[in-house]
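*Asks:* Prediction below, plus the sequence it came from.
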Amino acid sequence: MNGKNNMKSGRTLLMTLALAMAAVSPAGAAEQMKQEAAGNGFSLHGFGTLGLARTDDDDAQFVRDLSQPYGLTSRWSAKVDSMIGLQAGYQFNDKLEAVLQAVSRYHSEGNFAPEVSWAFLRYDPDPTASLRIGRLGTEFYMLADSRLVGYANLTVRPPPDYFGPLVLSYVDGIDGAKSIPLGNGLLRGKLFAGISPEKMYLGSGLYWDMSGSLVAGGHLDYLTGPWQIRIGQTRVRFDKGPPINEFAGLPDFTDQVPEMEVAGKWTTYDSLGLVYDNSPFQLQLMLSRIDQGSAAFEDSRAGYVIASYRTGNVTPFIGYSRTKSEAARFTSTPPFPYGAYATALSESTHADQHTWFLGARWDLRKDLDLKAQVDWINGSPNSVFPYREEKIPGWDGDMTVFSLALDFVF
Amino acid sequence: MVPRSCLLLLAALVLSPWAQASPGLVLVVNARSGVDRLTLDDAVNIFMGRYRQLSSGMAALPIDQPDNQPEKARFYRLLVNKDLAEINAYWARLIFSGKTSPPHQAKSTAEVLDLLARQPGAIAYLERSQVDSRFRIVLEFER
């Protein structure tokens, strides 16, 4: 789907929401007090980040996630982390709300063209349940649906070793959530399903049109005292595969090597998340496994841990992340040169690296923070998937990233 | 030997004026809410937007004091040991991912009292000295 269509579907959503707003008549005076207390009416909020970062290595470009077509070099750049988001909401009553969010950030188009990232109607039949329909941010992993909101997060960016492969930011669909008290804590479940309208840049001027792909999943949370634990699974069935034939320059490539076909195959994302928030100490631990339905992408495992301790307005943190993928096993032996191309293409999705990162968040005001962070990435030279524009030979798998960010909300 | 009841009476006489005058932050609800007590976990669930159904089945409507009132910062320090910037960051995550709304932000303490008196599900933190018969104390933070 191109940018114009994306804008168009955003506009359709906008109109649907406007119609829905008009259809629901404003409540009577008797309800007004209740509405006031429930925060009813129109609201406008925003978030943003002004980020500056550079690496020490021009043999590969560092990206925040694979939705970005180009990344950082050894020159300071505001490209990968800077963004601004605007969110308008309308609360009809204590059960019904409409939300529209647009974000401008550096994404697959290679520019900062704004996208409609959220546009939904939310209905809460009671205080323990919620249903949403419209454009919804994807929650493949814990915290993934707020990964653009720098002010809500401790680090400059969510660890790319873990969040980097998530290129689908939103879907058009529905979700439902329910909370139940259990023991001393709270059990929360959520199910979601939708169709992706996005695309991904693959390099060499080629895009992967992911529109029409089905995204469905769910997770269970248990919250008790300072602990929150989550287990989740998301599955994606790609409607169209990446243009592998064009990439290989062989028009009958996927016919000769059917294992490279991506369309119609399911990819599964399993995850486990643990947050221990006993202020001033906080710990985050996440693990994930991506099982690809196609040999075009390698299966991978990833994880990270971040520990922080708040002292006054400054919160220093230390973290470690790791990602490793496994070479695809081809069950057939395709004729030359198809087999060699298949292996080479699959290996271009290889990742094998770990990152130590150290930094601090300084809360300047209650709506403004400043962050500084250094990432030391240590990987094998064939760890190329997390990057853009790798120079082979040259790329040795090691890189240091220096980052500064100013985050705000309003 | 002095009877125990006399000792108790003496203690009550000596301590009661002092106890009444003791400053402290308390969590109160509208007297018609049907709720007598809340645990600290209940209070966290309500004010942090995790679970807002009262035991009576009524929806809880948490109300925040204005930012310039010292009670607000004290309340969140006692509730989750966080300062207001951390609370703001917490809500930024939930607001921008379309989840639960933060407590209603009152513009004045008078508005807090007014909402508490008129809304059966309303819940707010007050100085003990601000509590009158329209409200019921469901949790005491400080003595």
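*Replies:* All right, it came through fine. Numbering: from 1, shown residues only, chains lettered A, B, ... in the order given.

*Asks:* isn't A:K199 right up against A:S213?
*Replies:* No: in terms of CB atoms under 8 Å, A:K199 does not count as a neighbour of A:S213; the distance is 10.2 Å. Glycine gets a C-beta too; all of them are placed from N, C-alpha and C.

*Asks:* A helix includes B:E86, no?
*Replies:* Yes: according to DSSP: H, G, I helix; E, B strand; the rest coil, the state of B:E86 is that of a helix.

*Asks:* neighbours around it, how many?
*Replies:* Each residue near B:E86 was counted by other CB atoms under 10 Å in any protein chain shown, and the total is 20.

*Asks:* same question, B:R93
*Replies:* Counted with other CB under 10 Å, residues neighbouring B:R93 total 18.

*Asks:* Quick one: classify it as helix, strand or coil.
*Replies:* Going by three-state DSSP: B:R93 is helix.

*Asks:* tell me the contacts of the nearest residue to it once chain neighbours are set aside?
*Replies:* Leaving out its chain neighbours, the residue that sits closest to B:R93 by CB to CB, 6 or more residues apart in numbering or on different chains is A:A152, at 3.6 Å. If you count contacts by CB atoms under 8 Å, 6 or more residues apart in numbering or on different chains, A:A152 has them with A:F47, A:S146, B:A89, B:Y90, B:A92, B:R93, B:F96.

*Asks:* do B:I123 as well
*Replies:* Contacts for B:I123 (CB under 8 Å, 6+ apart) come out as B:L27, B:V28, B:V29, B:S33, B:I46, B:A60, B:L61, B:P62, B:I63, B:L116, B:V138.

*Asks:* is stretch B:132-143 anywhere near chain A?
*Replies:* No: Stretch B:132-143 is not in contact with chain A by CB under 8 Å from any CB of the partner chain; minimum separation 15.0 Å.

*Asks:* buried stuff in that stretch?
*Replies:* Residues of stretch B:132-143 classed as buried under the neighbour-count rule (16 or more other CB atoms under 10 Å in any protein chain shown) are B:F135, B:R136, B:I137, B:V138, B:L139, B:F141.

*Asks:* Double-check the second one against B:S33; I have them as touching.
*Replies:* Yes: taking CB under 8 Å as the contact criterion, B:R136 and B:S33 are neighbours in contact, 7.3 Å apart.

*Asks:* Tell me, how many residues neighbour residue 116?
*Replies:* With no chain named, the answer covers chain A. Burial measure for A:V116: 22 neighbouring residues, criterion other CB under 10 Å.

*Asks:* I was after chain B.
*Replies:* Applying the criterion other CB under 10 Å, we find 27 residues in the vicinity of B:L116.

*Asks:* Now find how far off-centre the host helix or strand of it is within its chain.
*Replies:* Taking DSSP states H and E as the definition, B:L116 sits inside helix B:109-118. Relative to its chain's centre, helix B:109-118 lies at 13 Å (CA atoms, centre = their mean, to the nearest Å).

*Asks:* Quick check: end-to-end length of stretch B:115-134?
*Replies:* Across its full length, stretch B:115-134 reaches 11 Å between end residues, using CA to CA, to the nearest Å.

*Asks:* One more: stretch A:287-297?
*Replies:* Distance between the two ends of stretch A:287-297: 19 Å, counting by CA to CA.

*Asks:* And stretch A:69-77, by the same measure?
*Replies:* End-to-end span of stretch A:69-77 (CA to CA): 15 Å.

*Asks:* Read off the pLDDT value for B:A11.
*Replies:* We note a pLDDT of 52 for B:A11 in this prediction.

*Asks:* Likewise for A:E261?
*Replies:* Reading off the confidence values, A:E261 has pLDDT 94.

*Asks:* which bits of the stretch 201-350 of chain A sit near chain B?
*Replies:* Proximity of the stretch 201-350 of chain A to chain B is confined to A:L223, A:G225, A:N278, A:S279, A:P280, A:R310, A:N313 under the rule CB under 8 Å from any CB.

*Asks:* Please repeat the previous calculation with a cut-off of 7 Å.
*Replies:* Where the stretch 201-350 of chain A comes near chain B, counting by CB under 7 Å from any CB of the partner chain, the residues are A:L223, A:S279.

*Asks:* For the stretch 201-350 of chain A, which segments count as strands?
*Replies:* Taking DSSP state E, counting those that start in this stretch, the strands of the stretch 201-350 of chain A run over residues A:206-209, A:214-224, A:227-237, A:266-278, A:281-291, A:299-309, A:314-326.

*Asks:* So which of those is nearest A:L166?
*Replies:* Closest approach to A:L166 among these (CB to CB): strand A:266-278, 8.3 Å.

*Asks:* Can you spell out which helices and strands pack onto that closest one?
*Replies:* Contacts defined by 3 or more CB pairs under 7 Å, 6 or more residues apart in numbering or on different chains; DSSP states H and E place strand A:266-278 against strand A:227-237, strand A:281-291.

*Asks:* Look up how far A:L223 lies from the residue of chain B found nearest chain A.
*Replies:* Using CB to the nearest CB, the point where chain B gets nearest to chain A is B:R93, with a distance of 3.6 Å. Plainly put, B:R93 is 14 Å away from A:L223 if you go by CB to CB, to the nearest Å.

*Asks:* can you check B:A85 too?
*Replies:* Counting by CB to CB, the gap between B:A85 and A:L223 amounts to 22 Å.

*Asks:* Which one's more surrounded, these two?
*Replies:* Neighbour count, other CB under 10 Å: between B:A85 and A:L223, A:L223 has more, with 23 against 20.

*Asks:* Which pLDDT value does the model give that one?
*Replies:* Predicted confidence (pLDDT) for A:L223: 96.

*Asks:* So it sits against B:M48, correct?
*Replies:* No: if you go by CB atoms under 7 Å, A:L223 and B:M48 don't touch, sitting 9.6 Å apart.

*Asks:* possible to save the helices and strands packed on strand A:266-278 as TSV with distance to B:G121, mean neighbour count and mean pLDDT?
*Replies:* Shown next, in TSV, are these (distance: least, CB to CB, whole Å; neighbours: other CB atoms under 10 Å in any protein chain shown; pLDDT from 0 to 100):
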stretch	distance to B:G121	mean neighbour count	mean pLDDT
strand A:227-237	26	18	98
strand A:281-291	32	18	98
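
*Asks:* do you know which of those strands lies nearest A:R388?
*Replies:* strand A:281-291 (19.5 Å).

*Asks:* What is the burial count for A:G312?
*Replies:* A:G312 sits with 9 neighbouring residues when counted by other CB under 10 Å.

*Asks:* Also the one 4 residues further on?
*Replies:* Applying the criterion other CB under 10 Å, we find 15 residues in the vicinity of A:P316.

*Asks:* Check the gap between it and chain B for me.
*Replies:* 15 Å (CB to the nearest CB, to the nearest Å).

*Asks:* And for A:D398?
*Replies:* To chain B, A:D398 is 33 Å away according to CB to the nearest CB.

*Asks:* and that residue, what does it touch?
*Replies:* A:I377, A:N378, A:G379 (CB atoms under 7 Å, 6 or more residues apart in numbering or on different chains).

*Asks:* What about those, which are in helices?
*Replies:* By the criterion of DSSP state H, membership of the contacts of A:D398 in helices covers no residue at all.

*Asks:* for these, which one is nearest chain B?
*Replies:* Proximity to chain B was ranked across these by CB to the nearest CB; first place goes to A:I377, at 26.5 Å.

*Asks:* What is the burial count for the closest one?
*Replies:* Counted with other CB under 10 Å, the neighbours of A:I377 add up to 24.

*Asks:* same question, A:N184
*Replies:* Using other CB under 10 Å, A:N184 is surrounded by 10 other residues.

*Asks:* Could you do A:A351 as well?
*Replies:* One way to gauge burial is a neighbour count; for A:A351, by other CB under 10 Å, it gives 23.

*Asks:* Which residue is the nearest non-sequential neighbour of A:D56?
*Replies:* Taking CB to CB, 6+ apart as the measure, A:D56 lies nearest to A:T400, with 4.6 Å between them; neighbours along the chain are not counted.

*Asks:* What is the helix or strand containing the one you found packed up against?
*Replies:* Assigned by DSSP H and E, A:T400 falls within strand A:399-409. Contact analysis of strand A:399-409 by 3+ CB pairs under 7 Å, 6+ apart lists strand A:41-55, strand A:368-379 as its packing neighbours.
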